[in-house]
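> Any chance you can model this:
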Amino acid sequence: MKRTGDKIISVVLFIFCALYFYLSLSFSVQSRAYPQATIVLLFFLLILLFLSTFSKKKKLSTIKVNENNKDKVILSRVVGVIFITLLFIFLIGKIGFYITTEFFLVGTMYFLGIRSYKILLLVPSGFTLLLFIGFKLLLEVSTPTGILF
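Residues are numbered from 1 along each chain as shown. Predicted coordinates for the structure are as follows:
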């Protein structure tokens, strides 16, 4: 089932890649460099995904862990993450983008079962720092500001 799903997804995304690459040809030479580079990268990764569906080898991630819970979606987790995301969207304008993002990442990771304090402190802080450097310093893009930052 997983291999069939991967085949279908890769074929559908091949079509989207071709469509968007064709649409990017109408951009100016400078404007189309980045979109075309990302489309080509996505196309390459899709080829790898499509070819991996024909492999007979079992990967470590597909080893039997628990057959009954393999494709089971826990509804409470889905609803919880949707609620946390809506709260993030609501608070982003009141508190500020970077502070809200930090709390959002910590809250979501904790809610999904990560209990290591090192990971809960380092990963969201590092990601928020990368966002700050990328958007604020390098790209000089303004982000929503609130009362804190």
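
> switch to C-alpha atoms for all contacts and neighbour counts from now on
Noted.

> other SSEs contacting the worst-scoring helix or strand of the chain on mean pLDDT?
In the chain, no helix or strand scores lower on mean pLDDT, DSSP states H and E than helix 2-24, which sits at a mean of 87. Identification of packing neighbours for helix 2-24 by 3 or more CA pairs under 8 Å, 6 or more residues apart in numbering; DSSP states H and E yields helix 33-52.

> what's the average pLDDT for the helix it packs on?
Per-residue pLDDT over helix 33-52 has a mean of 90.

> Next, the angle from that helix to helix 2-24.
Counting by axes from the mean of the first three to the mean of the last three CA atoms, to 10 degrees, helix 33-52 lies at 160 degrees to helix 2-24.

> quick one: buried residues of stretch 12-20?
Phe14, Cys17 (16 or more other CA atoms under 10 Å).

> ugh, wrong one, I meant stretch 116-123
Those would be Leu120, for stretch 116-123 by 16+ other CA under 10 Å.

> that older thread, centre of the chain to the least confident helix or strand of the chain, how far?
18 Å (CA atoms, centre = their mean, to the nearest Å).

> got it, and stretch 132-149?
Counting by CA atoms, centre = their mean, stretch 132-149 comes out at 20 Å from the chain centroid.

> Tell me which residues are up against that stretch.
Stretch 132-149 has contacts (CA atoms under 8 Å, 6 or more residues apart in numbering) with Ile92, Gly93, Lys94, Ile95, Gly96, Phe97, Tyr98, Ile99.

> Report the beta-bridge partners for the fifth one.
When you say that, I think you mean Gly96. For Gly96, the beta-bridge partners are Thr145 (DSSP bridges).

> From Leu121, how far out is it?
19 Å (CA to CA, to the nearest Å).

> rewinding a little: highest neighbour count among the contacts of stretch 132-149?
Phe97 (23 neighbours; other CA atoms under 10 Å).
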